[in-house]
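Q: A predicted structure for the sequence below; I have some questions about it.
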Amino acid sequence: MRDRQLFEHSQLANGINVFQYRDETPYTHVILQVPVGSSNSTGAITPGTFHFLEHILTLRSQRHPREKEFQHMVGLTGGIFNATTGPFNTTYEIKVPSKRLPAMLPGFFSHIFEPVFNEVDIVRERGVIASERRMKERWFPGKTEISQYVSTQWKWDCPLSLRQRFGDDEDLALMTPQSLAAAHQYYFDPRLWVMVGGSGDVSPLLELLSCLKLSPHQPSQVFSPIHWVNQEYHERAFRDIRSFELRYGGIIVPRPEPLIVHTLGFVLMYLTNSFDGPLHRWLREEKGWVYEVNYRLAFDDKGLDWMLYFPLGNPKEVNAVRDELSDRILAALTDEAAVNREVDRLGDRLDAFIYLTLERILKDGQDSLEDFGYIIPEEQLRNYLEQMRDVAFLQRVWREQWTPEKLGCFCAVPLNG
């Protein structure tokens, strides 16, 4: 079987890295990422600048000076042209039928590197982005009261302020063609990379990129690393819940090596899956206390955090889970037969269900590149999975995280609960 995370890697003369995954899919998907994002909207760069710049760059370019002309062209092929601004990078992507690709690549390049800064567009986008900010500000960085608490009062999982991401009204008023053009110069950095998947020929784009004059940039950067705010067990009442929500979590900074990341992910999936998960069997099939047991694992190049989440019915159930959980987990990690069943299940899942689409192949490649600095081949992922059969290894990794110094726990209580 072809390794579905094995990309052809090359480097242009000016330092741009190119990752290609060729197949017979009748479309081509191009992802281009520049190494500046909202964390760089600080110091001499007005808060919100790089997000604002991303909005403006999708509207006009020297090759397509009429507003949204290029988006319209791409849309008429059934494709997409989109952009997103993250904390540490800005990503542009285009997906079009391969037979339409030659006509689209120059426009894609031009929008990113040959923008037109139109005053009318800037005035309008001030209002658009102010509206986007207002949609998010009530419970930022979450979407609900409890999610805001989890990310700001239980642990600090808010690397950027709302202002740094979007700018306030005074910041937006400072966006001008001149200030945006100055920020745009940070795009011309050899750390930018391109990922391509599909059947089309992208050599015209690579030729245009190879002609860019690039130099390393180190713009100022401000972000808040993830850390505990109140990891001691406590309870907090919320208006927007109807069950008692017990949460356990851990934080690892800096982010561990890929094997440990995948090991923690395996343990959490094994414990909670609804087919054979030990915690699911205990709390749903034996006790009837929960509909499901959930987990979360999130990581980037800065750190990792994980969470187990139990929606329970009353304080008695909460106390029972708190009393038994640690022993239950360790017992599950000594059960070689159950662990091997989970390895086999995830192996079958990887074979049959994971990399069925080009989009998923590129997405996992992009995530790996952003998080680890390289794309982890599928063969290596399978090797990691086989290592999970070693229950002594699983226990050691878990014990290293399940310590008072690293563990946090709280229970969300219904306000009238």
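A: Cool, got the structure.

Q: neighbouring contacts of stretch 332-344?
A: Applying CB atoms under 8 Å, 6 or more residues apart in numbering, the contact partners of stretch 332-344 are 266-267, 269-271, 273, 276, 278-279, 385-386, 388-389, 391, 394-395, 398. From N, CA and C alone the C-beta is placed, and that goes for glycine too.

Q: report the buried members of the residues you listed.
A: Taking 16 or more other CB atoms under 10 Å as the criterion, what is buried in the contacts of stretch 332-344 is 266-267, 269-271, 273, 278-279, 385, 388, 391, 394, 398.

Q: dump stretch 408-417 to PDB, keeping only the CA atoms.
A: Extracted C-alpha coordinates of stretch 408-417, given in PDB (Å, rounded to 0.1, in the frame of the first residue of the first chain):
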ATOM      1  CA  GLY A 408      -6.000  19.500  37.300                       C
ATOM      2  CA  CYS A 409      -9.600  18.700  38.200                       C
ATOM      3  CA  PHE A 410     -12.800  20.700  38.600                       C
ATOM      4  CA  CYS A 411     -16.500  20.000  38.500                       C
ATOM      5  CA  ALA A 412     -19.000  22.300  36.800                       C
ATOM      6  CA  VAL A 413     -22.300  22.300  38.700                       C
ATOM      7  CA  PRO A 414     -25.700  23.400  37.300                       C
ATOM      8  CA  LEU A 415     -26.600  26.800  38.800                       C
ATOM      9  CA  ASN A 416     -29.700  25.300  40.400                       C
ATOM     10  CA  GLY A 417     -28.200  21.800  40.800                       C
END
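
Q: can you give me the strands for the stretch 151-300 of the chain?
A: 155-156, 193-198, 227-228, 234-238, 244-252, 294-299 (DSSP state E, counting those that start in this stretch).

Q: which of these sits most buried?
A: strand 193-198 (a mean of 22; mean count of other CB atoms under 10 Å).

Q: helices and strands around that strand, which ones?
A: For strand 193-198, the packing partners by 3 or more CB pairs under 8 Å, 6 or more residues apart in numbering; DSSP states H and E come out as strand 17-22, strand 27-34, helix 203-210, helix 358-372.

Q: what's the closest of these to Glu232?
A: Nearest to Glu232 among the helices and strands packed on strand 193-198 is helix 358-372; the distance by CB to CB comes to 30.1 Å.

Q: where does the stretch 1-150 of the chain dip in pLDDT?
A: Scanning the stretch 1-150 of the chain for pLDDT under 70 picks out nothing.

Q: just the helices in it please.
A: 49-57, 69-76, 101-113, 119-137, 145-149 (DSSP state H, counting those that start in this stretch).

Q: tabulate those in CSV, adding columns for distance to Leu330 and mean neighbour count.
A: Output for those, formatted as CSV (distance: least, CB to CB, whole Å; neighbours: other CB atoms under 10 Å):
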stretch, distance to Leu330, mean neighbour count
helix 49-57, 45, 24
helix 69-76, 53, 16
helix 101-113, 51, 21
helix 119-137, 40, 14
helix 145-149, 29, 17
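
Q: out of these, which gets nearest to Asp157?
A: Proximity to Asp157, assessed across the helices of the stretch 1-150 of the chain by CB to CB, is greatest for helix 145-149 (9.8 Å).

Q: list of residues touching the closest one?
A: Residues from elsewhere that reach helix 145-149 (CB under 8 Å, 6+ apart): Trp139, Phe140, Pro141, Gly142, Arg236, Phe238, Arg239, Asp240, Ile241, Glu245, Ala412.

Q: I'd like to know which of the residues you listed are buried.
A: Buried, going by 16+ other CB under 10 Å: Trp139, Phe140, Pro141, Gly142, Arg236, Phe238, Ile241, Glu245, Ala412, out of the contacts of helix 145-149.

Q: now for those: which two are most distant?
A: Phe140 and Glu245 (20.5 Å).

Q: where in the stretch 251-400 of the chain is pLDDT low?
A: Nowhere does the stretch 251-400 of the chain drop to pLDDT under 70.

Q: care to break the chain down by domain?
A: If you go by automatic domain parsing, the domain ranges for the chain are 8-139+154-210, 227-414.

Q: return the set of buried residues in stretch 156-164.
A: By 16+ other CB under 10 Å, the buried positions in stretch 156-164 come out as Trp156, Asp157, Cys158, Pro159, Leu160, Ser161, Leu162, Gln164.

Q: sorry, back to before: nearest approach to Gln218 belongs to which of the helices of the stretch 1-150 of the chain?
A: Of those, nearest to Gln218 by CB to CB is helix 49-57, at 14.9 Å.

Q: host element of the nearest residue to Ile260 once chain neighbours are set aside?
A: Spatial nearest neighbour of Ile260, excluding adjacent residues (CB to CB, 6 or more residues apart in numbering): Val397 at 6.2 Å. Using DSSP states H and E, Val397 sits in helix 391-401.

Q: got the contact list for that helix?
A: Against helix 391-401 from outside (CB under 8 Å, 6+ apart): 250, 252, 260, 263-264, 266-267, 306, 329-330, 333-336, 339, 387-388, 406-407.

Q: that one versus strand 244-252: what angle between them?
A: Counting by axes from the mean of the first three to the mean of the last three CA atoms, to 10 degrees, helix 391-401 lies at 100 degrees to strand 244-252.

Q: adjust the sequence numbering to begin at 43 for everything that follows.
A: Shifting the count to begin at 43 puts that one at helix 433-443.

Q: average pLDDT across whichever helix or strand comes after helix 433-443?
A: Of the helices and strands lying after helix 433-443 in sequence (DSSP H and E), the nearest is strand 449-456. On average, the pLDDT along strand 449-456 is 98.

Q: and if you look at stretch 204-222?
A: 98.

Q: if we can go back for a sec, narrow the buried ones among the contacts of stretch 374-386 to those in helices?
A: Phe308, Val309, Met311, Tyr312, Leu313, Pro320, Leu321, Leu427, Val433, Leu436, Trp440 (DSSP state H).

Q: identify the residues contacting the second one.
A: Contacts here follow CB under 8 Å, 6+ apart; on that basis Val309 touches Leu375, Leu436, Val439, Trp440.
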